[in-house]
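Trainee: Got a predicted structure here, sequence first:
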Amino acid sequence: MKIATWNINGVRARIDNLRQWLESSNPDIACLQEIKSVDETFPRAEIEALGYHVETLGQKGFNGVALISKMQPDEITRGLPGDDADEQARFIEGVFSVKGGAIRVCCLYLPNGNPPDDPVKYPYKLAWMERLEAFARDRLALEEPLILAGDYNVIPEPQDCHDPRVWAGDALFLPTTRAAFRRLENLGLSDAVRLTTDQSKLYSFWDYQAGAWQKNNGIRIDHLMLSAEAADRLLSTDIEKHVRGWEKPSDHVPVIAMFDFSAAA
DNA sequence: ATGGTTGGTAGCCAA
């Protein structure tokens, strides 16, 4: 089973890329972030025409996430628990039946947090990460294959960016941010890409500005974090870098993980 | 080099 995460940076501006990607990469489940669309204007029919189920949590103008899948989900939950006043559309969770049980796939768009001295933005990021940690602790107690996939807006380690000095003061790389990410790992979640390679300079995002793509000035911020039960079934991962070279690309590329959920638990 | 690029929106903001 192929599970993907992709920050698409505007699903309506990117519908041709999305179709081309779904047809060529053929994921079973895809987590999309930054759809920048309300549910009413989401290009549902175009995606359903390719044989996918579509679940969205939209928002006007920015944010917004979608979970699209070949299988019908058994259960969908919208929003990250822990703050009823939070109106930003950044989280959608689906449960899917596989042979021998269920898998749980969460699509998340973690707040960017810049600028870090803003009175609202960085504290919101850290609070959101605390809520994610509490959520993960709850779900990990179920002892089932759990995949938390999305744009984390976190550069986990210095080797995940082209130049750590450039990112030193950025909300994506501050020690406090990285420590919060490590707390997720310490709960028992593993970075799928890092389970399969220790290679440096693997990136999932290149800024549109200053020729970052041409110079390979990228960062790795899109992650699939796995429970032990999911990690046990992991076969391989891939960062689909070629998608960044397409016409009118997103600034992020899809990150995928292949699993074998066919064996009994 | 505190620059420059994109999407959604009509607030220039968010990234």
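Mentor: Everything's here; your move.

Trainee: All the strands of chain A, residue numbers only.
Mentor: A:2-7, A:29-33, A:53-57, A:65-69, A:75-78, A:91-98, A:101-109, A:146-151, A:190-191, A:205-206, A:218-219, A:222-226, A:234-239, A:255-259 (DSSP state E).

Trainee: Of those, which stretch is the most buried?
Mentor: Comparing the strands of chain A by mean neighbour count (mean count of other C-beta atoms under 10 Å), strand A:29-33 ranks first with a mean of 29. C-beta coordinates here come from the backbone N, C-alpha and C atoms, glycine included.

Trainee: And that strand, what does it pack against?
Mentor: strand A:2-7, strand A:65-69, strand A:101-109, strand A:146-151 (3 or more C-beta pairs under 8 Å, 6 or more residues apart in numbering; DSSP states H and E).

Trainee: Compile the strands of chain A into a markdown table and extend it with columns for distance to DNA strand B.
Mentor: Below are the strands of chain A laid out as a markdown table (distance: least, C-beta to the nearest atom of the strand, whole Å):
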| stretch | distance to DNA strand B |
| --- | --- |
| strand A:2-7 | 8 |
| strand A:29-33 | 10 |
| strand A:53-57 | 14 |
| strand A:65-69 | 13 |
| strand A:75-78 | 18 |
| strand A:91-98 | 14 |
| strand A:101-109 | 8 |
| strand A:146-151 | 8 |
| strand A:190-191 | 20 |
| strand A:205-206 | 8 |
| strand A:218-219 | 11 |
| strand A:222-226 | 11 |
| strand A:234-239 | 18 |
| strand A:255-259 | 16 |
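
Trainee: So for residue A:262, which of the helices and strands packed on strand A:29-33 sits nearest?
Mentor: Closest of these to residue A:262 is strand A:101-109, at 11.7 Å (criterion: C-beta to C-beta).

Trainee: Give me the angle between that closest one and strand A:255-259.
Mentor: Between strand A:101-109 and strand A:255-259, the angle comes out at 170 degrees (axes from the mean of the first three to the mean of the last three C-alpha atoms, to 10 degrees).

Trainee: dump the residue contacts of whatever residue of the stretch 1-150 of chain A ends up closest to DNA strand B.
Mentor: The nearest approach of the stretch 1-150 of chain A to DNA strand B comes at residue A:10, 2.4 Å away (C-beta to the nearest atom of the strand). Counting by C-beta atoms under 8 Å, 6 or more residues apart in numbering, residue A:10 touches A:34-37, A:250.

Trainee: Looking at strand pairing, list the partners for the spatially most central residue of chain A.
Mentor: The centre of chain A sits closest to residue A:150, judged by C-alpha atoms, centre = their mean, with a distance of 0.9 Å. For residue A:150, the beta-bridge partners under DSSP bridges are residue A:108, residue A:223.

Trainee: hang on, the earlier thing: how about the helices and strands packed on strand A:29-33 in TSV, adding mean pLDDT?
Mentor: Shown next, in TSV, are these (pLDDT from 0 to 100):
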stretch	mean pLDDT
strand A:2-7	98
strand A:65-69	98
strand A:101-109	97
strand A:146-151	98
